[in-house]
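# take a look and give me a structure for this.
(one chain, ligands or ions: 1)
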Amino acid sequence: MKNYKPEQLERWDKQYVWHPFTQMRQWQKERPLIIEKGEGSYLYDVEGNKYLDGISSLWVTVHGHRKREINQAIIEQLDKLAHSTMLGQANITSTLLARKLVEITPEGLNKVFYSESGSTAVEIGLKIAYQYWQQQGEEKDKDKRKFVSLVNAYHGDTIGSVSVGGIDLFHKIFASLLFETISAPSPYCYRCPLNLSKENCSMECVNEMESLLDRHHHEIAGVVIEPVVQGAAGMLVAPDGYLAKVRELCNRYNVLLIADEVAVGFGRTGKMFACAHENVSPDIICLAKGITGGYLPLAATMTTNEIYNAFLGEVYECKTFYHGHTYTGNPVACAAALANLELFEKDKLIETLQGKVTLFTEGLKRFKELQHVGDVRQKGLMAGIEIVENTATKEPFPVKYNIPHRIVLEARKNGLIIRPLDNVMVLMPILSMSLTELTQVLDITYAAIKNVTEEET
Ligand code: PLP
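Okay, the predicted model is just below:
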């Protein structure tokens, strides 16, 4: 490809591109960060500046950028086949990947339905759960058409996944387009919706879910949840035992548990899947992001045989799941995913993560001492540092100060890419980062938060 000057690219980008989740007026005024290449834990911009990738390129990169084995697997697959449909046909890598996913995911998840993003994985999970109750046999269960989801939930941006979302800033404006869901409280312990503190909490938020299910179970198809950590809400870590309790309630009230492991799956929380922290097997699991190690768009929605069997029937019974995207099960993306999963085993990634998690946990402790850090939340290699103006009242800084964005720019000046969620600074280091690189991520973030927030006071 021809070499373009950075100024030219900047001009064209500002002229032609609309960026997701981006304040476009602010973007128009600033020098944009245009990434040209990646290598290991680093990204390089078009001017040759080098940055540590502190957010794993939106929570996806696992073994680093330009990983030889994954590049190779993609090239080999491209030499055979770039794409063929999965509607009434199969391809080799999607078959092999499905077999592997069944082997590594929690017990009982035996069927894989592919798509391309986390949003579609959830959308599909919801539709499967809905159709399941219409077809599984019992007349009384046909009323199970609603979902329970959590306040502060984020499950993606399509209309179905927004319907089960609970972040007002993103979702409220679409309210009249959405289907009705039943909201349960979020385990946001720093700002407990039930006004409890860690010392006197007995997970009353789960009791609320219990009473919801008690009243509504006859009309509930499933509970959809981000296991262990509500990511986009600002890394809200649920208390130990929360997920297991939700599983138990779903069993008791005969509703499906849909685990959205899009953000937390593939090692992010220190275990291959977050459900493993509490030995939970959901009825449906939604996977994306880390599935290809940050290479290509791919997602999977997996179900139990029991759910799958409800879709089997004679042609005239019309029990088919009428859903499928053009690029579903793309063989190149599946080849990347297979190479990614092989590397987990070859590099013993989950085992080696434990030392990194310890360093990360220890390194995050000092953030609590900062004058404007209200809360630090972490599980595995994912963390949220909540910035407040006043730690006593937990009052955030006024929006006009634009603190999170200024922290991002300050960190970038010092060679680190991070991205906030509202007032929460998010760290999602690449799982393969070295201990030295992880320490740099922590040090640069610490200094950026300190410099920017203390400038304001
Ligand atoms: N579910 C969760 C828990 C997520 O964190 C995200 C994205 O951050 C999604 C779903 C949506 O995934 P995608 O952006 O690939 O559609």
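
# please work out which residue of the chain is closest to the ligand.
Using CB to the nearest ligand atom, the closest approach of the chain to the ligand is made by Gly118 at 2.2 Å. Glycine gets a C-beta too; all of them are placed from N, C-alpha and C.

# roughly how far does that residue sit from Lys413?
Distance, Gly118 to Lys413, using CB to CB, to the nearest Å: 31 Å.

# who's more crowded, those two?
Between Gly118 and Lys413, counted using other CB atoms under 10 Å, Gly118 has the larger neighbour count: 28 against 12.

# got a list of what that one touches?
His155, Gly156, Ser161, Asp260, Val262, Ala263, Cys286, Ala288, Lys289, Ala299 (CB atoms under 8 Å, 6 or more residues apart in numbering).

# make TSV out of the residues you listed and add distance to the ligand, pLDDT and secondary structure.
Converted to TSV, the contacts of Gly118 look like this (distance: CB to the nearest ligand atom, whole Å; pLDDT from 0 to 100; DSSP: H, G, I helix; E, B strand; the rest coil):
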residue	distance to the ligand	pLDDT	secondary structure
His155	5	98	coil
Gly156	3	98	coil
Ser161	6	98	helix
Asp260	5	99	strand
Val262	4	98	coil
Ala263	4	98	coil
Cys286	7	99	strand
Ala288	5	98	coil
Lys289	6	98	helix
Ala299	7	98	strand
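
# and the furthest pair within those residues?
Distances among those were taken as CB to CB; the most separated pair is Ser161 and Lys289, at 14.0 Å.

# ok, Asn251 - how many residues close by?
Asn251: 11 neighbours (other CB under 10 Å).

# does it count as helix, strand or coil?
Secondary structure assignment for Asn251 (DSSP: H, G, I helix; E, B strand; the rest coil): helix.

# which one of the contacts of Gly118 is nearest Asn340?
Using CB to CB, Lys289 is the member of the contacts of Gly118 that lies nearest Asn340, at 11.1 Å.

# how close does the closest one sit to Tyr295?
Computed as CB to CB, the Lys289 to Tyr295 distance reads 11 Å.

# which of the two has more neighbours?
Applying other CB under 10 Å to Lys289 and Tyr295 shows that Lys289 carries more neighbours, namely 29 against 24.

# excluding residues flanking it in the chain, which one is nearest the more buried one?
Among residues not flanking Lys289 along the chain, Val60 sits closest, at 4.7 Å (CB to CB, 6 or more residues apart in numbering).

# mind listing what that neighbour touches?
Listed by CB under 8 Å, 6+ apart, the contact partners of Val60 are Lys289, Gly290, Thr292, Gly293, Gly294.

# neighbours of the last one, just the number please.
Neighbourhood size, Gly294 [other CB under 10 Å]: 26.

# which helix or strand contains it?
Under DSSP states H and E, no helix or strand contains Gly294.

# touching, it and Ile55? I think so.
No - Gly294 is not in contact with Ile55 according to CB atoms under 8 Å; the separation is 10.8 Å.

# and the residue lying closest to Ala263 once chain neighbours are set aside, how far is that from Asp260?
Spatial nearest neighbour of Ala263, excluding adjacent residues (CB to CB, 6+ apart): Gly231 at 3.9 Å. Gly231 is 9 Å from Asp260, where distance means CB to CB.

# these two: who's more crowded?
Asp260 (32 against 24).

# who's in contact with the more buried one?
Asp260 makes contact with Gly118, Ala121, Val122, Gly125, His155, Val224, Ile225, Glu226, Pro227, Cys286, according to CB under 8 Å, 6+ apart.

# show me what contacts the fourth one?
Shown here is Gly125, whose contacts under the criterion CB under 8 Å, 6+ apart are Gly222, Val224, Ile258, Asp260, Ile284, Ile285, Cys286, Thr301.

# tell me the SS of it?
Using three-state DSSP, the structure places Gly125 in helix.

# cool, and Val376?
Using three-state DSSP, the structure places Val376 in strand.

# wait, doesn't it sit right on Ala383?
Yes - the criterion here is CB under 8 Å, and Val376 meets it with Ala383 at 6.9 Å.

# overlap in contacts, these two.
Between them, Val376 and Ala383 share these contacting residues under CB under 8 Å, 6+ apart: Leu364.

# those two - which one has more neighbours?
The neighbour count for Val376 versus Ala383, taken as other CB under 10 Å, is higher for Ala383 (26 against 21).

# in a helix, that's where the more buried one is, yeah?
No - assigned with three-state DSSP, Ala383 falls outside any helix and is strand.

# mind listing what the closest residue to it other than its chain neighbours touches?
For Ala383, ignoring the flanking residues on the chain, the nearest one in space by CB to CB, 6+ apart is Leu427 at 4.4 Å. Applying CB under 8 Å, 6+ apart, we find Leu427 in contact with Gly54, Ile55, Met382, Ala383, Gly384, Ile385, Ile418, Val441, Leu442, Thr445.

# for Leu427, phi and psi?
phi -120, psi 120 (degrees, to the nearest 10).

# ok, now Glu395?
phi -70, psi 130.

# surely it meets Glu389?
Yes - Glu395 is in contact with Glu389 according to CB under 8 Å; the separation is 5.2 Å.

# neighbour count for these two, which is higher?
Set Glu395 next to Glu389 and count neighbours by other CB under 10 Å: Glu389 wins out with 19 against 11.

# state the pLDDT value of that one.
We note a pLDDT of 97 for Glu389 in this prediction.

# tell me who's in contact with it.
So Glu389 contacts His372, Glu395, Pro396, Phe397, Pro398, Glu456 (CB under 8 Å, 6+ apart).

# so what's the residue nearest to Ala263 up against?
Counting by CB under 8 Å, 6+ apart, Gly231 touches Trp59, Tyr154, Ala263, Val264, Met382.

# make CSV out of the residues you listed and add neighbour count.
Converted to CSV, those look like this (neighbours: other CB atoms under 10 Å):
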residue, neighbour count
Trp59, 22
Tyr154, 27
Ala263, 27
Val264, 29
Met382, 26
